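S.K.: Quick one, fold the following:
(one chain, ligands or ions: 1)
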Amino acid sequence: MGTMTSRSRRALAAAALVAFGAAGAGCGAATEAAHHDHHAAAASAAAWRPKAGLALRDPRQLYARDGVLKVDLTAARGRIVVSGSSVVAQPFNGQFVGPTLHVRPGDTIEATIHNKTDAQTNIHYHGLHVSPTGLSDNVFRTFEPGSRSRSVVRVPADHDTGTFWYHVHFHGLSEGQLAGGLSGLLIVDGLERLLPAELQGVPQRQLAIRNLELVRPDTVATLGRDVSPGKRAPQLVNGLLRPALTLRSGATELWRLANVGPDAFYDVSLEGHRLTVIAEDGSPVWTVRSHARLLIPPGKRFDVLVQGSAKPGSYRLLAHRYDGFAPQPTTSLATVTVTGPAVAVPPLALPRTLPTGTTRLDDATIARRRRFVFSFGRGRTFRALINGKQFDPMAMPVAARLGTVEEWTLENTSDEDHPFHIHVNDFQVMSVNGKRYAADGLQDVVTVDKLGGSVVIRNSFDDYSGHFVFHCHILGHEDAGMMKTIEVLRRGQQPTPPPMAGMKHHDHGM
Ligand SMILES: [Cu+2]
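M.R.: Got it, this is the predicted structure:
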């Protein structure tokens, strides 16, 4: 095991648990009985046995009224139905994929988070360009067990339209809490208005992709130590196992693809079709391009147009084999039936560019250059590092100036890919592995390849001062320390220590 990371070793050890969990769904009760004989009868009776092939449905939808989205999100442990079979999980509002929150630019989110779990938590609105301070998108807050906490997020009137998501973000516990179900989609409505008139009424679908990891045959893992990425954990779309959907031959739909899980990567394709990206990470693209495959690392979103094939039939939405992190075999995520009659399918009449309102950073004046190296620590305890250090809630932040653009070089010397994410501001990718990268738009997640990969990005620190964080979005890595605090300073302001409440390091290594 000389070259294996502690993370991989931990994953291997935990795989035994997952294999045991999977037994309920696949291998029968014999294995279970051998390990847990005194519980075998009850456990196998209650084991999660998801039904495959149910009709794909969007999650529950919640809309703003008079410019305000009022929403109660209750995090609680309980038995819920996931893909037609009951299982114990710890999601928001009793749904394994939480309700989809809809806002328009200029609206305000007024959320009340009821923490009925036995651990501290908080909330993050991933990708929103909003204030990171006070009651807004502030991941330094702590929501105590049994508490009710308000979250008020003002979405600016010029905010990008597209797909975002919300999830818990309590350092040290985020991987397990997200594994338990604490995430959902957030859509800033209006993206279709950037399309040509004939496409503005395009039917829309949400595909929130994540896995479900069992710690027992009837119980979803809710602690980081019980999470073992990849392996046999089934991949779900809107909480459904290989759901079925139909698409009319020649018809165009807008699909909102999002990875709302804690750790897995999805290298996605739809057999016989191309995916035409109109927004990436909730940012409408400058250049409209169609792809055979899209890599969707943890946290990433693509808004794509899909046009039903000229040949009616059955097509699989596939997640291809991926080896950059805990290896996953090729799996089918959903089955798309293209219904007839067959029609001649003209290419989508799309402009090459969309009127996005976002600014390219190619010609920006660079105020500062920085380098961040992502690596793993040596030793028995799993430690994930940026520039040789684990996240330290007491450490002085990386200090940037409001209104400036910085160029950051992200390097990965470890043996697993790292999806880099920064809160509040989008960035433009300038180069990948030393090669110039022609970005189609701004983004908030980019994968830095393992074993020497590098990515150069430009961050534009607009509008919002204050402390926030950047980190690897494999949440097991984030919890193990792969995160740093940044503070964006107003003119004349000096850096200050980060708000520390709730940011004690919880070491959950082996
Ligand atoms: Cu990572």
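
S.K.: I'd like to know how many residues surround Phe372.
M.R.: Each residue near Phe372 was counted by other Cβ atoms under 10 Å, and the total is 17. For every residue, glycine as well, the C-beta is placed using N, CA and C.

S.K.: by contact count, what packs against whatever helix or strand it lives in?
M.R.: Assessed by DSSP states H and E, Phe372 sits inside strand 366-376. For strand 366-376, the packing partners by 3 or more Cβ pairs under 8 Å, 6 or more residues apart in numbering; DSSP states H and E come out as strand 384-386, strand 398-401, strand 405-412.

S.K.: Try it again at 10 Å.
M.R.: Other elements packing on strand 366-376 under the criterion 3 or more Cβ pairs under 10 Å, 6 or more residues apart in numbering; DSSP states H and E are helix 6-23, strand 384-386, strand 398-401, strand 405-412, strand 418-422, strand 445-448, strand 453-460, strand 466-472.

S.K.: hey, least reliable of those by pLDDT?
M.R.: For the helices and strands packed on strand 366-376, the weakest mean pLDDT is recorded on helix 6-23, namely a mean of 36.

S.K.: quick check, Tyr464 in a helix?
M.R.: No. Tyr464: not assigned to a helix; according to DSSP: H, G, I helix; E, B strand; the rest coil it is coil.

S.K.: pretty sure it is touching Ser136, no?
M.R.: Yes. Tyr464 lies in contact with Ser136 (Cβ atoms under 10 Å); the separation is 8.9 Å.

S.K.: Identify the contacts common to these two.
M.R.: Common contact partners of Tyr464 and Ser136 (Cβ atoms under 10 Å, 6 or more residues apart in numbering): 130, 424.

S.K.: returning to what we had before: help me see whether the strand holding Phe372 makes contact with the ion, please.
M.R.: No. For strand 366-376, no contact with the ion is found by Cβ under 5 Å from the ion; the gap never falls below 6.5 Å.

S.K.: chain center to that strand: distance?
M.R.: Centroid separation for strand 366-376 versus its chain: 23 Å, with Cα atoms, centre = their mean, to the nearest Å.

S.K.: same deal with stretch 253-270?
M.R.: Mean-position distance between stretch 253-270 and its chain equals 9 Å (Cα atoms, centre = their mean).

S.K.: The ion contacts on the stretch 351-500 of the chain?
M.R.: Contact residues of the stretch 351-500 of the chain with respect to the ion, defined by Cβ under 5 Å from the ion, are listed as 418, 472, 474, 477.

S.K.: circling back: what angle sits between the strand holding Phe372 and strand 453-460?
M.R.: 140 degrees (axes from the mean of the first three to the mean of the last three Cα atoms, to 10 degrees).

S.K.: Walk me through which strands strand 366-376 pairs with, and which way each runs.
M.R.: Partners of strand 366-376 in the sheet, by DSSP bridges, are strand 384-386 (antiparallel), strand 405-412 (parallel).

S.K.: winner for burial among those strands?
M.R.: With neighbours defined as mean count of other Cβ atoms under 10 Å, the strands paired with strand 366-376 peak in mean count at strand 384-386, which reaches a mean of 23.

S.K.: can you list contacts of it?
M.R.: Under Cβ under 10 Å, 6+ apart, the answer for strand 384-386 is 5-7, 372-377, 390-391, 398, 410, 413-414, 416, 418, 420, 470-472, 474, 476-484, 509.

S.K.: And the helices in the protein, which stretches?
M.R.: All helices of the chain, identified by DSSP state H, fall at 6-23, 29-35, 40-46, 174-179, 475-479.

S.K.: Look up how far the ion lies from the residue nearest the centre of the chain.
M.R.: With distances taken as Cα atoms, centre = their mean, Gly299 lies nearest the centre of the chain, 2.1 Å away. Distance, Gly299 to the ion, by Cβ to the ion, to the nearest Å: 11 Å.

S.K.: roughly how far apart are Leu223 and Glu213?
M.R.: Distance, Leu223 to Glu213, using Cβ to Cβ, to the nearest Å: 11 Å.

S.K.: Now the common contact residues for the two.
M.R.: The contact sets of Leu223 and Glu213 overlap at 176, 179-180 (Cβ under 10 Å, 6+ apart).

S.K.: Dump the residues you listed to JSON lines, plus distance to Gly452, neighbour count and pLDDT.
M.R.: JSON lines is the format used below for these (distance: Cβ to Cβ, whole Å; neighbours: other Cβ atoms under 10 Å; pLDDT from 0 to 100):
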{"residue": "Gly176", "distance to Gly452": "31", "neighbour count": "29", "pLDDT": "97"}
{"residue": "Ala179", "distance to Gly452": "30", "neighbour count": "31", "pLDDT": "97"}
{"residue": "Gly180", "distance to Gly452": "35", "neighbour count": "28", "pLDDT": "98"}
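
S.K.: Pick the one among those residues closest to Val82.
M.R.: Gly180 (11.7 Å; Cβ to Cβ).

S.K.: list the contacts for the closest one?
M.R.: Residues in contact with Gly180 (Cβ under 10 Å, 6+ apart) are 75, 77, 88-91, 96, 117, 168, 212-213, 215, 219-223, 226-227, 262.

S.K.: what do you get for Leu223?
M.R.: Under the criterion of Cβ under 10 Å, 6+ apart, the contact list for Leu223 reads 119, 173, 175-177, 179-180, 215, 508.

S.K.: how about the residues of the chain near the ion?
M.R.: 418, 472, 474, 477.

S.K.: Which among these count as buried?
M.R.: Using 16 or more other Cβ atoms under 10 Å as the burial test, these include 418, 472, 474, 477 as buried.

S.K.: Surely the last one and Asn412 touch.
M.R.: So the one you mean is His477. No. Using Cβ under 10 Å, His477 is not in contact with Asn412; the gap is 11.0 Å.

S.K.: Need the residues touching each of these two.
M.R.: Common neighbours of His477 and Asn412, counting by Cβ under 10 Å, 6+ apart, are 374, 418.

S.K.: and the residue of the stretch 51-200 of the chain nearest the ion?
M.R.: Glu175 (11.0 Å; Cβ to the ion).

S.K.: I'd like to know how far that residue sits from Asp263.
M.R.: The gap separating Glu175 from Asp263 is 7 Å, by Cβ to Cβ.

S.K.: okay, and the common contacts of the two?
M.R.: Here Glu175 and Asp263 share the contacting residues 227, 229, 474-478, scored by Cβ under 10 Å, 6+ apart.

S.K.: Now do the strand holding Phe372 and strand 418-422, the angle between them.
M.R.: Angle between the axes of strand 366-376 and strand 418-422 is 140 degrees (criterion: the same axes, to 10 degrees).

S.K.: pLDDT (mean, whole number) over strand 366-376?
M.R.: Averaged across strand 366-376, the pLDDT comes to 98.

S.K.: Can I get it as CSV, trimmed to CA atoms?
M.R.: Provided in CSV are the C-alpha atoms of strand 366-376 (Å, rounded to 0.1, in the frame of the first residue of the first chain):
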residue,chain,number,x,y,z
ILE,A,366,-3.8,41.4,-11.9
ALA,A,367,-3.4,42.9,-8.5
ARG,A,368,-1.7,39.8,-7.0
ARG,A,369,-0.6,36.3,-7.8
ARG,A,370,-0.8,33.4,-5.4
ARG,A,371,0.0,29.7,-5.4
PHE,A,372,-1.9,27.0,-3.5
VAL,A,373,-0.7,23.4,-3.4
PHE,A,374,-3.1,20.6,-2.5
SER,A,375,-1.6,17.6,-0.9
PHE,A,376,-2.1,14.9,1.7
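
S.K.: Pull out the buried residues from that strand.
M.R.: Neighbour-count burial for strand 366-376 flags 372-376 (criterion: 16+ other Cβ under 10 Å).

S.K.: correct me, but Thr409 touches Gly453?
M.R.: No. Thr409 lies out of contact with Gly453 (Cβ under 10 Å); the separation is 11.3 Å.
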